[in-house]
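Enquirer: Structure for this input, please:
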Amino acid sequence: MWKLRDIIVAAILSVVCGAIYMGWDWITTPLFSSAMSPVVGALVNGLWWVAAGLIPYIVRRPGAAFFSELVSATVEFLFGSPYSLGAVISGLVQGGGAELGFSFWRWRRYSWTSMAVAGALGGVGNTVQWYFEYQGYQYSTWVILGYTVVTMISGAVLAGVLPKLIGDALLRTGALRNFEIGKQARAQLK
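Expert: All right, here's what the predicted structure looks like:
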């Protein structure tokens, strides 16, 4: 069951991630122009759903990946994302993919593997959106497969492994001791 502090921290971190996404929009758009292969651009895709890994890792509640990614993407949209409403759709599909990954472990296991799987499945959501909304279907089968694989790897690393590293670092500071991540860490020590 979600506690009020879980909701507040999830919302605050989601807003921060939304601001990061907005900055990422403006940095990556000129770097990965439409003239470049989408497979190269896919290398950095995972950062757009880092909230879907970080926030569930901290609060450890069903729905946290979906909630946090949708809030982050909405903030990105409200800040003026060049992707317009596509940013919100990204939040739905990327958060949904990550949520599916966490559901495989019934929201009870937050290991390197479960985090990487959740991040990679956020990449599947990203790929579906890219294929239909951003005309990914116009590319050859090899480019589509390359984009999918690279996006999933990017998600596993940037939205799975990186949030785990950040969460573990925050846990060591003591800042998360009253959240589920802290309670579970203490229970493992007993």
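
Enquirer: where in this protein is pLDDT low?
Expert: 33-35 (pLDDT under 70).

Enquirer: ok, 90 please
Expert: Where the chain drops to pLDDT under 90, the residues are 1, 26-37, 188-190.

Enquirer: Would you tell me what the next helix or strand after the longest helix seen in it is?
Expert: Longest helix in the chain, counting residues (DSSP state H): helix 4-31. Downstream of helix 4-31, the next assigned helix or strand under DSSP states H and E is helix 38-41.

Enquirer: which strands and helices sit next to that following helix?
Expert: helix 141-156 (3 or more CB pairs under 8 Å, 6 or more residues apart in numbering; DSSP states H and E). In this view, the C-beta of every residue, glycine as well, is placed from N, C-alpha and C.

Enquirer: List the residues that contact the most centrally placed residue in the chain.
Expert: Most central in the chain under CA atoms, centre = their mean is Trp49, positioned 2.2 Å from the mean C-alpha point. Contact analysis of Trp49 by CB atoms under 8 Å, 6 or more residues apart in numbering lists 69, 90, 94-95, 97-98, 119, 122-123, 125-126, 155, 159.

Enquirer: what do you get if the cut-off is 6 Å, keeping everything else the same?
Expert: Going by CB atoms under 6 Å, 6 or more residues apart in numbering, Trp49 touches Glu69, Gln94, Gly122, Ala159.

Enquirer: What's the separation between it and Phe179?
Expert: Per CB to CB, to the nearest Å, Trp49 is found 21 Å from Phe179.

Enquirer: again with Ile58
Expert: 5 Å.

Enquirer: what does Ser84 give?
Expert: Distance of Ser84 to Phe179, computed by CB to CB: 34 Å.

Enquirer: try Arg5
Expert: 7 Å.

Enquirer: what's the answer for Val128, then?
Expert: Where Phe179 is concerned, Val128 sits at a distance of 32 Å (CB to CB).

Enquirer: Which one of these two is surrounded by more residues?
Expert: Phe179 (22 against 17; other CB atoms under 10 Å).

Enquirer: Now do the contacts for that one.
Expert: If you count contacts by CB under 6 Å, 6+ apart, then Phe179 has Ile58 around it.

Enquirer: re earlier: which one of the contacts of Trp49 has the most neighbours?
Expert: Sorting the contacts of Trp49 by how many neighbours each has (other CB under 10 Å) puts Gly122 first, at 38 neighbours.

Enquirer: which secondary structure element contains that one?
Expert: Assigned by DSSP H and E, Gly122 falls in helix 112-133.

Enquirer: What sits closest to Pro38 if chain neighbours are left out?
Expert: Nearest residue to Pro38, sequence neighbours excluded (CB to CB, 6 or more residues apart in numbering): Tyr147, at 5.0 Å.

Enquirer: pretty sure the one you found contacts Ala42?
Expert: Yes - with contact defined as CB atoms under 6 Å, Tyr147 reaches Ala42; the gap is 5.0 Å.
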